[in-house]
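> Task: produce atomic coordinates for the following.
(2 chains)
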Amino acid sequence: MVVKTLTINEQLISAREEETILQAAQDAGIHIPTLCHLEGVGDVGACRLCLVEIAGSNKLQPACVTKVTEGMEVETNSDRLQKYRRTIIEMLFAEGNHICSVCVANDNCELQDLAIEMGMDHVRLDYHFPDRKVDISHHRFGVDHNRCVLCTRCVRVCGEIEGAHTWDMAGRGTNSHVITDLNQPWGTSDTCTSCGKCINACPTGALFDKGSSVGEMKHNRAKLDFLVTAREKQQWLV
Amino acid sequence: MDLPELIEIAQKERASEKLVQIRCCVAAGCLSANSQVVKQRLEEAVTADNLTEKVEVRGVGCMRLCCQGPLVQVEKLGTGDWAMGTGEDSKQSPHSKLYEKVTPDDAPSIITAINGGETTVQQGDLTHPFFTSQMPIVLENSGKVDPERIQSYIAANGYQALYHVLREMTPSEVVDAISRSGLRGRGGAGYPTGLKWATVAKAKSDAYNDRSDRKFVICNADEGDPGAFMDRSVLESDPHRVLEGMAIAGYSIGANQGYIYIRAEYPIAINRLQIAIRQAQRLGILGTQIFDSHFDFKIDIRIGAGAYVCGEETALMASIEGKRGTPHPRPPYPAESGLWGYPTLINNVETYANVAPIIRKGAEWFANIGTQKSKGTKVFALAGKIRNTGLIEVPMGTSLRQIVEAMGGGVPDGGVVKAVQTGGPSGGCIPAAAFDSPVDYESLTQLGSMMGSGGMIVMDETTNMVDVARFFMEFCMDESCGKCIPCRVGTVQLYKLLTKISEGKASFADLELLEELCDMVKHTSLCGLGQSAPNPVFSTLHYFRDEYLALIS
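Residues are numbered from 1 along each chain as shown, chains lettered A, B, ... in the order given. From the prediction side, this is the model:
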């Protein structure tokens, strides 16, 4: 095993060769905000919240997919990065319909947590008010596209952990949305196993258990962690 | 297939050429103006006058002055050079005539002119700078060879470079020749082609723990910039040229499979490529044991559904793999891990079209053309408010003034040129005051624009620059794949702000927000589409800020 040493925020740390900056930082107790990253499934580098500055490069790099190198100097929390991250969160709030007071995930929402972390107390941008649908055709679950941030965690968790690949993406640009099977109502999906992993993977209240009222939708990420550990390390630790 | 056989085909083809050649453009521009019927009527007229022994009517590729199409060129062979010959012999043959805006009814009149009579059909001026300032390397066969007959291409010395490479050069010698030529990627970014080839040649595949040395060559023909049609023209006019370039690239990097990724909006180009691939395979020029060597190379076509983002290399490869065409972060670069995880070489159409002449005439010959850092020529699609619209191929370093004013002939009806937009949605607007700058990668970047694939849109004084920025932002907004937030939401926000400004409803705070969001979208987006989407706004703000301010105050 090859070990690399690097500095993150002027703190000297060591990391395994194949580790990403995000993993190395987490091991060292350094927090980098993320949204599309989910432990156990592949990274896509889409939310751009984990962008970091690397000395010697003008380009910002996503910490979740950038591997560590020897002597790398990383800055994760510069004023510039904080500003960009705040704007990204603002953009998400402007894009969907993120009214926490009526959301099933209120108080259990990663988007909400990020907004608080970024100190975002108002949105300067124009709201899009898109025409998005709610699908409650499934007997146990529901999807409210207004609360979807298109992180594709559900797509990846369904494809990579459950192996069903019920979820996918359709449309492009601002019309992108998640779909089940061939863009049919979730309740009529032949491939959905009703395992609920997507519900637990969703960072917001977009995917929810039917019957949840405001603030009642809790995500159980431990369930996903358990499955991934069981599969990858053959350990069934509860 | 052997060299003598290749030469025999060429000689036979040349020997069968008739005294007079009537070349009728059958590329997309002229075809849309009914040139297919013109060609048919010309053939009928030739038959009616019993001239079939002496006169050949040939469908050819683009003759460049697209605004005057359908174009027909009459050339008396054996009496002079090609009208639009290569480099040094580009001088006008006195026996060549270009007819413009030809209608089917003009056919008999053209035949009368061949017989020495008078004609009323509008004639083009082949001594105009539009033609004389050009230096055809990529387009040397365009408008001359029949794109649907491989013999026609072979008669123009086609496939000799490939033969030479396979039989007399080692792969590293080929890479070295391309490096020495100084050729840079014609897709827009201008990455040194030789360096890219060398990197892929050295790359080892570790995809799926596969020990085989599989590699791929991809030709990016997903041209989608508004106002650009260079790649389409090259493919429609001279498809074999691109195939030959790809095969040479395949040999030099050690790949046996090539893909041409082309958008479905280019049906004529797709059709001609399919014909070309089939013909080359039949002659043993593509397929297994090419020219009886140990080199196998197959080329397949992959048709894209027309998403601009699929021109971005990682999205393009995802699309070839059958996945949703969205980009993913680089590194790993395609040279290391590309198609299905194998090392992949990906170049633009025009880049491949430059390869065969470099091999045939030598790297030094190519390196002597152009400027210090930008070698060779560049094909531009001249469009917009300009008299002569069409395709031009000029040496790098030609000034914008030469292109817009001398070759393009300025704005019709006496208008004044205000700016020229280069590089499509990723580029910027260059004001008329900067027209003395040479056209090369560095100068254009310095002016806040870019070479891009070669679209050049001329704008006159009636153009509102805020509208221009808004148009390109709308394009990027529609074409964003939606994967990353800055591009998906940022382009919509920018479009809304630009609309607000152009409608006169914006405040200074909006302008400030516009600049802030531009900076953010540029620096945080995942791929080139988002990273360059704010460029038209930046460049119009830089050169035409007063127009923004006038709409605000």
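> Longest helix in chain A, please.
If you go by DSSP state H, chain A has its longest helix at helix A:79-95.
> Run through who's touching that helix.
A:33, A:47-49, A:51-53, A:60, A:75, A:98, A:111, A:114-115, A:118-120, A:123-128, A:130, A:149, A:174, B:485-486, B:488-490, B:492-493, B:516-517, B:520, B:523-524 (CB atoms under 8 Å, 6 or more residues apart in numbering or on different chains). Every residue, glycine included, has its C-beta placed from N, CA and C.
> Give the ChimeraX command for selecting the buried subset of these.
The ChimeraX command for the buried members of those (criterion: 16 or more other CB atoms under 10 Å in any protein chain shown) is given here:
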select /A:33,47,48,49,51,52,53,60,98,111,114,115,118,120,125,128,149,174 /B:485,486,488,489,490,492,493,517,520,523,524
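> thinking again about what came up before, which is the succeeding secondary structure element to the longest helix of chain A?
Heading C-terminal from helix A:79-95, the first helix or strand you meet, by DSSP states H and E, is helix A:110-118.
> Direction included, what does the helix or strand just after that next one pair against?
Next helix or strand after helix A:110-118 toward the C-terminus (DSSP H and E): strand A:134-135. Strand A:134-135 sits in its sheet next to strand A:141-144 (antiparallel), going by DSSP bridges.
> Just the CA coordinates for the longest helix of chain A, please, in CSV.
Only the C-alpha atoms of helix A:79-95 are listed here, as CSV (Å, rounded to 0.1, in the frame of the first residue of the first chain):
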residue,chain,number,x,y,z
ASP,A,79,-13.6,32.9,0.6
ARG,A,80,-14.0,32.3,-3.1
LEU,A,81,-15.1,28.7,-2.6
GLN,A,82,-17.5,29.7,0.1
LYS,A,83,-19.1,32.3,-2.2
TYR,A,84,-19.5,29.8,-5.0
ARG,A,85,-21.0,27.2,-2.7
ARG,A,86,-23.5,29.7,-1.4
THR,A,87,-24.5,30.6,-4.9
ILE,A,88,-24.9,26.9,-5.8
ILE,A,89,-27.3,26.4,-2.9
GLU,A,90,-29.2,29.5,-3.8
MET,A,91,-29.5,28.3,-7.4
LEU,A,92,-31.0,25.0,-6.1
PHE,A,93,-33.5,26.9,-4.0
ALA,A,94,-34.4,29.1,-6.9
GLU,A,95,-34.8,26.1,-9.2
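> mind listing what's buried in it?
For helix A:79-95, by 16+ other CB under 10 Å, it's A:81, A:84-95.
> Output these in CSV; the columns should cover distance to B:Lys76 and pLDDT.
Supplementary listing: those in CSV, determined by distance: CB to CB, whole Å; pLDDT from 0 to 100:
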residue, distance to B:Lys76, pLDDT
A:Leu81, 69, 97
A:Tyr84, 66, 97
A:Arg85, 70, 97
A:Arg86, 72, 97
A:Thr87, 67, 97
A:Ile88, 67, 97
A:Ile89, 71, 97
A:Glu90, 70, 97
A:Met91, 65, 97
A:Leu92, 69, 97
A:Phe93, 72, 96
A:Ala94, 68, 96
A:Glu95, 65, 95
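> Name the member of these with the shortest distance to B:Gly424.
B:Gly424 lies nearest to A:Met91 out of the buried residues of helix A:79-95, by CB to CB, at 24.7 Å.
> mind listing what the residue nearest to the spatial centre of chain A touches?
With distances taken as CA atoms, centre = their mean, the residue of chain A nearest its centroid is A:Cys36 (2.6 Å). By CB under 8 Å, 6+ apart, A:Cys36 lies in contact with A:Asp43, A:Val44, A:Gly45, A:Ala46, A:Cys47, A:Leu49, A:Cys64, A:Cys151, A:Thr152, A:Arg153.
> So which of these wins on neighbours?
Greatest neighbour count in those, by other CB atoms under 10 Å in any protein chain shown, goes to A:Cys47: 30 neighbours.
> follow-up on the earlier one: mind checking which of the contacts of A:Cys36 land in strands?
Assignment to strands by DSSP state E places none of the contacts of A:Cys36 there.
> Okay, and which of these map to helices?
A:Arg153.
> For the contacts of A:Cys36, work out which two are farthest apart.
Maximum distance among the contacts of A:Cys36 (CB to CB): 14.3 Å, for A:Leu49 and A:Thr152.
> and the closest residue to chain A within the stretch 401-550 of chain B, what pLDDT?
At 3.1 Å from chain A, B:Gly482 is the closest residue in the stretch 401-550 of chain B, using CB to the nearest CB. Confidence at B:Gly482, expressed as pLDDT, is 95.
> Spell out which parts of chain A neighbour chain B.
For chain A, the contact set with chain B under CB under 8 Å from any CB of the partner chain comprises A:44-48, A:51, A:60-62, A:65-66, A:83-84, A:87-88, A:91-92, A:94-95, A:124-126, A:128, A:149-150, A:168-169, A:171-176.
> coming back round to it: doesn't the residue nearest to the centre of chain A lie inside a helix?
No - assigned with DSSP: H, G, I helix; E, B strand; the rest coil, A:Cys36 falls outside any helix and is coil.
> rewinding a little: burial count for the residue of the stretch 401-550 of chain B closest to chain A?
B:Gly482 is flanked by 21 other residues according to other CB under 10 Å.
> contacting residues around the nearest residue to B:Ile270 once chain neighbours are set aside?
Setting aside the residues directly before and after it, B:Ile270 is nearest to B:Ile262 in space (CB to CB, 6 or more residues apart in numbering or on different chains), at 5.8 Å. Contacts for B:Ile262 (CB under 8 Å, 6+ apart) come out as B:Ala221, B:Asp222, B:Leu235, B:Ala269, B:Ile270, B:Leu273, B:Ile301, B:Arg302, B:Ile303, B:Gly304.
> go again using 7 Å as the cut-off
B:Ala221, B:Asp222, B:Ala269, B:Ile270, B:Ile301, B:Ile303, B:Gly304 (CB atoms under 7 Å, 6 or more residues apart in numbering or on different chains).
> now swap in B:Asp546 and tell me
No contacts exist for B:Asp546 under CB under 7 Å, 6+ apart.
> Name the helix or strand for B:Trp365, please.
Since the elements are taken from DSSP H and E, B:Trp365 ends up inside helix B:363-367.
> Keeping just the C-alphas, turn that helix into CSV.
Provided in CSV are the C-alpha atoms of helix B:363-367 (Å, rounded to 0.1, in the frame of the first residue of the first chain):
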residue,chain,number,x,y,z
ALA,B,363,6.0,18.0,-41.9
GLU,B,364,8.3,20.8,-42.8
TRP,B,365,6.1,21.9,-45.7
PHE,B,366,3.1,22.2,-43.3
ALA,B,367,5.2,23.8,-40.5
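> Can you give me the buried ones in that helix?
B:Ala363, B:Phe366.
> okay, residue 25: pLDDT?
Just so you know, I chose chain A. 97.
> try again with chain B
96.
> what's the neighbour count on it?
Quick note: B:Cys25 (other CB under 10 Å) scores 30 neighbours.
> who touches it in this structure?
B:Cys25 neighbours (CB under 7 Å, 6+ apart): B:Ser35, B:Val60, B:Cys62, B:Met63, B:Gly69, B:Pro70, B:Leu71.
> redo that, cut-off 8 Å
B:Cys25 touches B:Leu31, B:Ser35, B:Gly59, B:Val60, B:Gly61, B:Cys62, B:Met63, B:Gly69, B:Pro70, B:Leu71, B:Val72, B:Gly143, counting by CB under 8 Å, 6+ apart.
> now B:Thr462
Per CB under 8 Å, 6+ apart, neighbours of B:Thr462: B:Gly415.
> I'd like the distance from the worst-scoring helix or strand of chain A on mean pLDDT to the chain centre, please.
Ranked by mean pLDDT, DSSP states H and E, the weakest helix or strand in chain A is helix A:221-233, scoring a mean of 88. Centre-to-centre, helix A:221-233 and its host chain are 17 Å apart (CA atoms, centre = their mean, to the nearest Å).
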